[in-house]
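Undergrad: coords below, sequence missing:
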Ligand SMILES: [Zn+2]
């Protein structure tokens, strides 16, 4: 049985990585051991059977896949109460004069602001030039725009879609809806369970860039299996995401070379039903 080194506090590279700053690249072994340490601090992985699996694992692939249903049914048991709670940084696709973020709480770049509770009055006729929001928040904003209850006259730079397992992602046809309502370029991002950015869309709009430094993505019978190296409040090992996608290596016109994620779709048809219910609500 392999002994896991227990670290005291989070390593410096982790703080910088969580804040979206340049950081010395830790080895994969360092990231793996650090993540196991925080996972062992959650009630879910502190279970005797799972702990012995973790202690015996030499590499991520030796660990069992964590079912998505476990996460949704027992969300609190995946939280490490002793982990340093941080707010992941919002990383805009480019600088913008006035950024507003709706629907999820993130650390914001200078000049950006959080719109709490999606208060339309805060946004209506505001100077917002770039709007970042969860898919559910964007659906409600589109409905408000179509009802002429909301106008964003200065919105000129971008809509950033903050998708995640908690908040879902855009459904087929919704990019067109966003374009019709807002008339600005759309950039999708995939945030991890603690809000950390796992994948993002660049200005070439080909598909999503995956950040292998931030997360390990595997495919299991077409389903994406995700492990976020930088998750600390909610460290989940090899999570079955309920999303299907294709991963390929590409040289993007934006200058990035690396793995890209395309054809992303949900394997949970009820997600579409929940989204429609949210609009109706
Ligand atoms: Zn690119």
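TA: Yep, that arrived. All values reported here derive from a predicted model rather than from experimental measurement.
Undergrad: CA atoms for contacts and neighbours, from now on please.
TA: OK.
Undergrad: Which strand runs longest in this protein?
TA: Counting residues, the longest strand found in the chain (DSSP state E) is strand 239-251.
Undergrad: Does anything pack onto that one? Which helices or strands?
TA: Under the contact criterion of 3 or more Cα pairs under 8 Å, 6 or more residues apart in numbering; DSSP states H and E, the helices and strands touching strand 239-251 comprise helix 68-73, strand 223-228, strand 257-266.
Undergrad: Count the residues that sit near whichever residue of the stretch 51-200 of the chain sits closest to the ion.
TA: Of all residues in the stretch 51-200 of the chain, residue 200 sits closest to the ion, at 8.7 Å by Cα to the ion. Summarising burial for residue 200: neighbours were counted as other Cα atoms under 10 Å, giving 25.
Undergrad: go on, residue 121?
TA: A total of 11 residues lie near residue 121 under the criterion other Cα under 10 Å.
Undergrad: that's a strand at it, yeah?
TA: No: the assignment for residue 121, made by DSSP: H, G, I helix; E, B strand; the rest coil, is helix rather than a strand.
Undergrad: confidence score at it?
TA: pLDDT, residue 121: 80.
Undergrad: Same check on residue 105?
TA: The predicted local confidence for residue 105 comes out at a pLDDT of 88.
Undergrad: swap in residue 271?
TA: Looking at residue 271, its pLDDT reads 57.
Undergrad: where does the stretch 151-281 of the chain dip in pLDDT?
TA: For the stretch 151-281 of the chain, the stretches with pLDDT under 70 are 269-281.
Undergrad: Surely residue 227 is in contact with residue 237?
TA: Yes: Residue 227 is within contact range of residue 237, at 5.5 Å (criterion: Cα atoms under 8 Å).
Undergrad: Now do the contacts for the residue lying closest to residue 235 once chain neighbours are set aside.
TA: Closest residue in space to residue 235, ignoring its immediate chain neighbours: residue 39 at 5.3 Å, by Cα to Cα, 6 or more residues apart in numbering. Residues counted as contacts of residue 39 (Cα atoms under 8 Å, 6 or more residues apart in numbering) are 45, 46, 78, 80, 234, 235, 236, 237.
Undergrad: so the most centrally placed residue in the chain bridges to which residues?
TA: Here the mean C-alpha position of the chain is nearest to the C-alpha of residue 191 (Cα atoms, centre = their mean), at a distance of 0.7 Å. With beta bridges defined as DSSP bridges, residue 191 has these partners: residue 164, residue 197.
Undergrad: Just give me the neighbour total for the nearest residue to residue 107 once chain neighbours are set aside.
TA: Counting by Cα to Cα, 6+ apart, the nearest residue to residue 107 once its immediate chain neighbours are dropped is residue 89, at 4.4 Å. Here the neighbour count serves as a burial measure; for residue 89 (other Cα under 10 Å) it reads 19.
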